[in-house]
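J.: Dropping the sequence and predicted coords here.
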Amino acid sequence: MARLTIYKDSYVDSTIVSNYFIDHYMKDANDAQLKVYLYLIRMLNANRAISVSDIADQFNHTEKDVMRALKYWEGRQLLNLEYDEDGSLVGIHLRDLKETPAENPREKALPLPAREAQPDSAENVLPAFRKPSYSADQLLEFRSREETAQLLFIAQTYIGRPLTPGEMKSILFFMDELHFSEDLIDYLIQYCVDRGKKDFKYIDKVAVSWAEQGITTPKQAQKMVTRYDKNVYAVMNQLGKSGSPTAKELEFINRWIKEYGFSMDIIFEACERTVLATDKHRFEYADSILSSWLKENVHRKSDILRIDELYQQKRRSTAKNTGAGNKFNQFKQNDYDFDKLERELLSN
């Protein structure tokens, strides 16, 4: 196993963690990623050689766990992994923290010791994420793994048919080269299929993109894709909300789009009526409107006009029966829908 020496120009008998790291990087990292990065800083100051297997042993992780953590920090631009011509990891370059990641220079490259001969291991990672040409024997070995059967079943359930050998090789690539967990592969395929993309050429591209960004968990992937989902932010904007949606808000938006199947113009109409009606509980209020439209079989805006006209006819009929001169009753009839929904929401 190769020994990796991490060192810099000066040495102090302490481990200093940047406040900038604490403020901007700790909140998004998982337990393994934090342990690995802090351990790298500690070993850098100690000027001691380490290997991926040493780090794995230190925290009772697998070597793949360590490599996933290293790739995550490389994606966040806090370090660079250096490889030899065989694609074997031979050095770790810790980068200086600046005010923005884009300003981090590569001016302090770490000298590396001579690499020892090593067996095939989790350190042999293709730095450019090239998909290998797997042999029939490799594919057979992959299919015989204990954890593979469930993962392949989940994948073909999403795709809606048995997987081809080429598609199975893609999943092998996700696991063995990109070091994706089973949960992340599950989320990856579900994410692509939900967007109408069942072609594994597309799924491969998304997977490589996530790997390049250091994504290692479904939670990180969800956060990233939500950030670029125009529909989500369009709805947030329509409801007068800024920033990223909460998990509950995202649940509402996905329900309206995926479960209810409404087009964006129908959702925007509900949002507009919500903003005019209330400053509180806007997602719940919009959901009440859209769920009622779902029951009324609304498919287009003309259906909403039909419902509005029926409501106006009913209101006129009620006003006539209760007496047109009763202004108090007229006022309550005019505002009945909004007030009722408001009271129901506040009582929950």
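T.: Yep, it's here. Numbering: from 1, shown residues only.

J.: which residues in the stretch 1-150 of the chain form helices?
T.: 19-24, 31-46, 52-59, 63-75, 136-143, 148-159 (DSSP state H, counting those that start in this stretch).

J.: buried set for the third one?
T.: By that I understand helix 52-59. By neighbour count on 16 or more other CB atoms under 10 Å, the buried set for helix 52-59 is 52, 53, 54, 55, 56. For glycine as for every other residue, the C-beta is placed from the backbone atoms N, C-alpha and C.

J.: Of the residues you listed, which is the nearest to residue 199?
T.: Nearest to residue 199 out of the buried residues of helix 52-59 is residue 52 (CB to CB; 34.3 Å).

J.: Pipe the buried residues of helix 52-59 into CSV and attach pLDDT per row.
T.: Shown next, in CSV, are the buried residues of helix 52-59 (pLDDT from 0 to 100):
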residue, pLDDT
52, 87
53, 86
54, 86
55, 89
56, 88
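
J.: Closest to residue 41 out of these?
T.: Among the buried residues of helix 52-59, and counting by CB to CB, the member closest to residue 41 is residue 55, at 12.4 Å.

J.: residues in contact with the residue nearest to the closest one when sequence neighbours are not counted?
T.: Spatially, and ignoring its direct neighbours in sequence, residue 55 is nearest to residue 66 (4.8 Å; CB to CB, 6 or more residues apart in numbering). Going by CB atoms under 8 Å, 6 or more residues apart in numbering, residue 66 touches 32, 36, 52, 55, 56, 122.

J.: Which one of those residues is nearest to residue 94?
T.: Distance to residue 94 across the contacts of residue 66 (CB to CB) is lowest for residue 36, with 11.8 Å.

J.: for the protein, longest helix please?
T.: helix 301-322 (DSSP state H).

J.: Just the buried residues of it, please?
T.: Quick answer for helix 301-322 (16+ other CB under 10 Å): residue 304.

J.: Can you work out which other helices and strands pack against it?
T.: helix 264-277, helix 282-295, helix 327-334 (3 or more CB pairs under 8 Å, 6 or more residues apart in numbering; DSSP states H and E).

J.: Quick one, which of these gets closest to residue 229.
T.: So among the helices and strands packed on helix 301-322, helix 264-277 is nearest, using CB to CB, at 12.1 Å.

J.: what about that closest one, distance to the chain center?
T.: 27 Å (CA atoms, centre = their mean, to the nearest Å).

J.: what pLDDT, on average, does that helix get?
T.: On average, the pLDDT along helix 264-277 is 94.

J.: Which segments of this structure make up each domain?
T.: Annotated domains of the chain cover 4-103, 136-227, 240-347 [automatic domain parsing].

J.: Any chance of these in a markdown table with distance to residue 233 as columns?
T.: Converted to a markdown table, the domains of the chain look like this (distance: least, CB to CB, whole Å):
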| stretch | distance to residue 233 |
| --- | --- |
| domain 4-103 | 19 |
| domain 136-227 | 9 |
| domain 240-347 | 8 |
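
J.: For residue 234, which of the ones you listed is the nearest?
T.: Closest to residue 234 of these is domain 240-347 (CB to CB; 6.8 Å).

J.: Can you get me a residue count around residue 72?
T.: By other CB atoms under 10 Å, the residues close to residue 72 number 26.

J.: now residue 229
T.: Neighbours of residue 229 (other CB under 10 Å): 17.

J.: And it, how close does it get to residue 254?
T.: Between residue 229 and residue 254 the distance is 10 Å, computed by CB to CB, to the nearest Å.

J.: For stretch 29-46, which residues meet the burial criterion?
T.: Buried-residue list, stretch 29-46, by 16+ other CB under 10 Å: 29, 32, 33, 35, 36, 37, 39, 40, 41, 43, 44, 45.
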